[in-house]
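> From the sequence below, what's the structure:
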Amino acid sequence: MVVKFDQYKIEAAIAKANKTVSQELQIDASTIQSIASSIASADQVQLAVEDIQDKVESLLMASGHPEVAKNYILYR
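Numbering: from 1, shown residues only. Model (predicted):
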């Protein structure tokens, strides 16, 4: 499925996964926004949902937040 990119939806999904980990493992709002913004700046107006989710997972892992990434995978 291809949908128009909505940065807010990505931020909300990451925030939901973020709430499922302990406080000391949570990421701050600016990091969540940064991850969503980096996907938005990929110069692609439309992406497949699966591609967006894969990019989010990769960026969460790369930013040192594997616990949030794991819960994001389970959440999606």
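> Share the number of residues neighbouring Ser30, please.
The local packing of Ser30 (other CB atoms under 10 Å) involves 8 other residues. C-beta coordinates here come from the backbone N, C-alpha and C atoms, glycine included.
> How about the secondary structure of it?
Here Ser30 takes the helix state, with states given by DSSP: H, G, I helix; E, B strand; the rest coil.
> Please tell me how far Ala62 sits from Thr31.
Applying CB to CB, to the nearest Å, the value for Ala62 to Thr31 is 11 Å.
> quick one, which of these two is more surrounded?
Per other CB under 10 Å, whichever of Ala62 and Thr31 has more neighbours is Thr31, with 18 against 11.
> Okay, now the unreliable bits of the chain?
Residue ranges of the chain with pLDDT under 70: 1-4, 42-46.
> I'd say Leu60 and Ile14 touch.
Yes: assessed by CB atoms under 8 Å, Leu60 is found in contact with Ile14 at 7.3 Å.
> got any residues that touch both of those two?
Shared contacts of Leu60 and Ile14 (CB atoms under 8 Å, 6 or more residues apart in numbering): Ile35, Val68, Tyr72.
> List the buried residues for the helix or strand where the second one lies?
In other words, Val68. Val68 is part of helix 66-75 when elements are defined by DSSP states H and E. Buried residues in helix 66-75, counted by 16 or more other CB atoms under 10 Å: Glu67, Val68, Ala69, Lys70, Asn71, Tyr72.
> which residues in the protein form helices?
7-18, 29-40, 49-62, 66-75 (DSSP state H).
> would you list the buried residues of helix 66-75 in TSV and tack on distance to Asp51?
Below are these laid out as TSV (distance: CB to CB, whole Å):
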residue	distance to Asp51
Glu67	23
Val68	19
Ala69	16
Lys70	19
Asn71	20
Tyr72	15
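> Return the member of these nearest to Ile39.
Tyr72 (13.0 Å; CB to CB).
> residues touching the residue nearest to the spatial centre of the chain, list them.
In the chain, the residue lying closest to the centroid (CA atoms, centre = their mean) is Val56, at 3.8 Å. Shown in contact with Val56 (CB under 8 Å, 6+ apart): Ile10, Ala13, Ile14, Ile35, Ala36, Ile39, Tyr72.
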